[in-house]
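Novice: Sharing a sequence plus its predicted fold:
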Amino acid sequence: MRDEPLSILEKNFALEALQAGIRVDGRKVDEARLVDFEFSSTQHGTVTVRLGKTKVLSSVTAEVVEPTADRPAEGFVTFSVDLSPMASEVLVLEYLSSGRSSSTLEEASEIVRFLQQLIRESNAIDTETLCIVAGVQVWAIRVDIHVLDHGGNVLDACCMAALASLLHMRRPDVTIVGNDVFIHSIEEREPIALTIHHLPISVSFGIFSDGDLVAVDPNLQEESVMEGTLSIAVNAHKEVCAFRKAGGAPMETTAIFKCASSAYLRATEVTMQLEKALSKTNNIAIASVKPLEVETTKKSFPLNEHIEGVTAVWKQVAEQQTYLDNEKLATPSHPGVINKTEFENSADESDDEAFKNSDDLLSSTDSDEEMAMPVIARPKGGKGRSKNIK
């Protein structure tokens, strides 16, 4: 199949082939193209989906934001679809001839609306688990989808890519102590997967010959001659999660039910392929919510009340680490500020011997003298620091 507008003879040939029960790419009328999931080996939440000659890239990011007033205990899940005219020569020629890309913008908007119905309105993802502090801070999950190659049926490819990237996504673990919120680095704690209740798989059908002929998963050449499209999203529980009918071609009720049955079989097959591909990526240890390569400390620090995204979190952790490195400590004999004291236990030296000098210093001090007594932090391992608490 070449990526240029079809002539009238070629369109008639494609339609006559469908009526004869065959297709221009050799498939049967009820046969869908092969789907392939390629997850990133270095970043969670990034996946490339190939559906025939259609190629889609999806990535998921997360940031901490304030919730809405009407839903203070729920996070956000938003979608963005980039359907560039450069994805296909057909779209490029259309853009050059008309000077605008209204069709691609309209198609991208339709895909976003269908994704919202497919994932958010069907409660496929638990938004309540995205809440950090009710009314104060929640996670905002953003799914960015880029259509790299348009080979037909972009809607199904985008839906598969969105689900796959959400399944692959990991967010930082969060701990709440009193009024303080701690977001842990991936070195400190394992990141947390999103809570997905079910997997609604979208299956689209092309409508031909005034609704008398239906073909699953139409390619770009067949889309140029079809009169409408029917998209049904079904999960493993045989629940219809989303439904979309576009185009003016009518369809009988029996034909719609037949398409729903075919959609369930296709959804079961895609779900198995997705789970198989996802099981090979369990050993990835880096999360996509880490926006900057920052060397962080092993400790956690309370966040400010107002932060702007995950970038602010990592920036604050880096500032706290710098503060600890530059901190000055005090001793009983020198109440003032002196250089930081570090000590290291050797393999033959016990913890008591490591603190012998500190104990002698405390015992030799006049008990009647008022002074700022330090608290010595006893290390668990071989290294530690003493920290003055006034």
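Specialist: Perfect, thanks for sending it.

Novice: where's residue 163, which helix or strand?
Specialist: helix 154-168 (DSSP states H and E).

Novice: check contacts around residue 79.
Specialist: By C-beta atoms under 8 Å, 6 or more residues apart in numbering, the residues touching residue 79 are 112, 115, 116, 119, 142, 143, 145, 162. Every residue, glycine included, has its C-beta placed from N, CA and C.

Novice: One more pass at 6 Å, please.
Specialist: Residue 79 is in contact with 112, 115, 143, counting by C-beta atoms under 6 Å, 6 or more residues apart in numbering.

Novice: Out of these, list just those in helices.
Specialist: When the contacts of residue 79 are checked against helices (DSSP state H), the matches are 112, 115.

Novice: circling back to that earlier point, contacts for the helix holding residue 163?
Specialist: So helix 154-168 is contacted by 37, 39, 44-45, 47, 49, 51, 54, 56, 58, 60, 111, 115, 118, 143, 145, 147, 194, 199, 202, 204, 231, 274, 278 (C-beta under 6 Å, 6+ apart).

Novice: Could I have the CA atoms of it written out in CSV?
Specialist: Once non-C-alpha atoms are left out, helix 154-168 reads as follows in CSV (Å, rounded to 0.1, in the frame of the first residue of the first chain):
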residue,chain,number,x,y,z
VAL,A,154,-5.5,5.2,14.7
LEU,A,155,-8.2,5.2,17.4
ASP,A,156,-7.6,1.6,18.4
ALA,A,157,-3.8,2.0,18.4
CYS,A,158,-4.1,5.1,20.6
CYS,A,159,-6.4,3.4,23.1
MET,A,160,-4.1,0.4,23.4
ALA,A,161,-1.1,2.6,23.8
ALA,A,162,-2.8,4.6,26.6
LEU,A,163,-3.8,1.5,28.5
ALA,A,164,-0.3,-0.1,28.1
SER,A,165,1.5,3.1,29.3
LEU,A,166,-0.8,3.4,32.3
LEU,A,167,-0.1,-0.2,33.3
HIS,A,168,3.6,0.3,32.9
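
Novice: next structured bit after that helix?
Specialist: Next along from helix 154-168, by DSSP H and E: strand 170-171.

Novice: could you point out which element follows that next one?
Specialist: strand 174-177.

Novice: partners of that next one in the sheet?
Specialist: strand 180-183 (antiparallel) (DSSP bridges).

Novice: Identify each buried residue in the partner strand, please.
Specialist: 181, 182, 183 (16 or more other C-beta atoms under 10 Å).

Novice: could the residues you listed go into JSON lines alongside pLDDT and distance to residue 266?
Specialist: As requested, these are exported to JSON lines (pLDDT from 0 to 100; distance: C-beta to C-beta, whole Å):
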{"residue": "181", "pLDDT": "84", "distance to residue 266": "43"}
{"residue": "182", "pLDDT": "85", "distance to residue 266": "44"}
{"residue": "183", "pLDDT": "86", "distance to residue 266": "40"}
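
Novice: now residue 190, nearest residue through space, not along the chain?
Specialist: residue 173 (6.9 Å; C-beta to C-beta, 6 or more residues apart in numbering).

Novice: Hmm, that neighbour is touching residue 187, no?
Specialist: No: the pair residue 173 and residue 187 fails to qualify as a contact (C-beta atoms under 6 Å) at a distance of 11.5 Å.

Novice: Looking at those two, which one has more neighbours?
Specialist: residue 173 (16 against 10; other C-beta atoms under 10 Å).

Novice: which residues touch the more buried one?
Specialist: Taking C-beta under 6 Å, 6+ apart, we find residue 173 in contact with 184, 189, 192.

Novice: Start and end of stretch 27-38, how far apart?
Specialist: 24 Å (C-alpha to C-alpha, to the nearest Å).

Novice: For that stretch, which outside residues touch it?
Specialist: Everything outside stretch 27-38 that qualifies as a contact, by C-beta under 6 Å, 6+ apart, is 21, 48-52, 164, 215-217, 266, 270, 274, 277.

Novice: Looking at pLDDT only, which of these scores worst?
Specialist: The member of the contacts of stretch 27-38 with the lowest pLDDT is residue 21, and it reads 86.

Novice: For the closest residue to that one other than its chain neighbours, report the pLDDT, please.
Specialist: Leaving aside its sequence neighbours, residue 21 sits nearest to residue 29 (C-beta to C-beta, 6+ apart; 5.9 Å). Residue 29 carries a pLDDT score of 92 in this model.

Novice: Mind giving me the packing neighbours of the helix or strand where residue 270 lies?
Specialist: Taking DSSP H and E as the criterion, residue 270 maps to helix 253-279. Packing partners of helix 253-279 (3 or more C-beta pairs under 6 Å, 6 or more residues apart in numbering; DSSP states H and E): strand 35-39, strand 201-208, strand 228-234.

Novice: one more time with 7 Å, if that's ok
Specialist: Where contact means 3 or more C-beta pairs under 7 Å, 6 or more residues apart in numbering; DSSP states H and E, helix 253-279 is packed against strand 35-39, helix 154-168, strand 201-208, strand 213-216, strand 228-234.

Novice: Next, the buried residues of it.
Specialist: Neighbour counts over helix 253-279 (16+ other C-beta under 10 Å) mark 255, 259-260, 262-264, 266-267, 270-271, 273-274, 277 as buried.

Novice: Also stretch 18-36?
Specialist: Buried residues in stretch 18-36 (16+ other C-beta under 10 Å): 18, 23, 25, 27, 29, 30, 32, 33, 35.

Novice: could I get the residues you listed as a markdown table with secondary structure and distance to residue 8?
Specialist: As requested, these are arranged in a markdown table below (DSSP: H, G, I helix; E, B strand; the rest coil; distance: C-beta to C-beta, whole Å):
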| residue | secondary structure | distance to residue 8 |
| --- | --- | --- |
| 18 | helix | 16 |
| 23 | coil | 19 |
| 25 | coil | 20 |
| 27 | coil | 23 |
| 29 | coil | 23 |
| 30 | coil | 27 |
| 32 | coil | 28 |
| 33 | coil | 26 |
| 35 | strand | 32 |
